[in-house]
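Colleague: Give me the fold of what follows.
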Amino acid sequence: MTPSETNSPFISVIVPFLNEEGTLHELRTRVAAALEATGKTFELLYVDDGSTDGSLQTAYALAKEDTRVRVFSLRHNCGKAAALQIGFEYARGARIFTMDADLQDAPEELPGMLELMEEGWDLVSGWKQKRHDPISKTWPSKLFNWATGKVSGIHLHDFNCGLKLYRREVIEELHIYGEMHRYIPVLAHLRGFRVTEKAVQHYPRKWGKTKYGASRFLKGFLDLLTVVFLQRYTRRPSHIFGGIGSLFGGIGFILGLYLSFDKIVLGNAIGQRPLLQLSVLLILVGVQLVSLGLLGEMIASQQPDERLPLRKPDEL
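Modeller: Numbers count the residues shown, from 1 in each chain. Predicted coordinates for the structure are as follows:
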């Protein structure tokens, strides 16, 4: 996925869209104006996520007008993560922007994010300080951002802002699927990349409707657990399974010692006590989890090593 040294733009802007016919032309115009002012070459990648309106035809018309516009289309709705992954695979730039097509984030923010990256950051994520969304979206989003920061160890105000800037090295080490696009800063952080955020303006939606429902919060929580588990424990499964198993087994063993003392020293009957059943259950569960962790270690040891996060000279 390394771009060729010649004829490759410096910047790639990836815009996944779903039924955003009314914004694509204005978006292209504003992206071009913002990036032309920087003097950097760029390309604009429109990725259609199975639109059912005239969005795809509009995108193709723009590509005919402007050779810097490239269009990719999924046969059906696969989700934002899939659309972004297509963009990552075909982007040719050394710097990659992603942004939503609804124009709630302004293309005029792009030059400022480029300047911030020159300070040495690998990923710059937008931060919608003042959101123009209903409270039904803003408060769950605050909870989501707080929980993500606590679990992942990286603290950003707005993990899910669509406006992000990456060095090419970041997207070359990421593979996103499902709804993992919400956790791209987390994935990059866990891979050792330097992540920061920049406050950006947020505007009311002028076209179309939101693509997210209430179910995304439960899915988002499960995805967060998946991200953290895969990044931290794929190569050391016994650390999590063995740790939990040892905790359960240890509690069960202590309960067993107490019951043994109660029976042998104090002479009390323990055969019908629920505590005895709990002790046996915890010990059995603990043994099973430790065994599962060891089996995981055996499987992981037979897998080819993933590419280690070696920093390149131009990242220093």
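Colleague: pLDDT on stretch 104-124, on average?
Modeller: For stretch 104-124, the mean per-residue pLDDT is 93.
Colleague: buried stuff in that stretch?
Modeller: 104-107, 109-110, 113-114, 117, 121-124 (16 or more other CB atoms under 10 Å). C-betas here are computed from N, CA, C, even on glycine.
Colleague: do stretch 160-177 as well
Modeller: Buried, per 16+ other CB under 10 Å, within stretch 160-177: 160-171, 174, 176.
Colleague: Now, the buried residues of stretch 104-124 that are in helices?
Modeller: Mapping the buried residues of stretch 104-124 onto helices (DSSP state H) picks out Leu110, Met113, Leu114, Met117.
Colleague: could you dump the residues you listed to JSON lines with distance to Ile11?
Modeller: Formatted as JSON lines, those follow (distance: CB to CB, whole Å):
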{"residue": "Leu110", "distance to Ile11": "8"}
{"residue": "Met113", "distance to Ile11": "11"}
{"residue": "Leu114", "distance to Ile11": "8"}
{"residue": "Met117", "distance to Ile11": "11"}
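Colleague: Among the residues you listed, which one lies nearest to Leu295?
Modeller: Met117 (43.2 Å; CB to CB).
Colleague: who touches the nearest residue to that closest one once chain neighbours are set aside in this structure?
Modeller: Among residues not flanking Met117 along the chain, Val124 sits closest, at 5.4 Å (CB to CB, 6 or more residues apart in numbering). Residues in contact with Val124 (CB atoms under 8 Å, 6 or more residues apart in numbering) are Met113, Leu116, Met117, Lys164, Leu165, Thr196, Glu197, Lys198.
Colleague: Go again with 10 Å.
Modeller: 95, 97, 109, 112-117, 163-167, 185, 194-198, 200 (CB atoms under 10 Å, 6 or more residues apart in numbering).
Colleague: Which strand residues bridge it?
Modeller: Taking DSSP bridges as the rule, Val124 bridges to Leu165, Thr196.
Colleague: Correct me if wrong: Gly87 contacts Asp48.
Modeller: No: checked against CB atoms under 10 Å, the pair Gly87 and Asp48 is beyond contact range at 11.1 Å.
Colleague: intersection of neighbour lists for those two?
Modeller: Residues touching both Gly87 and Asp48 (CB under 10 Å, 6+ apart): Val15, Pro16, Phe72.
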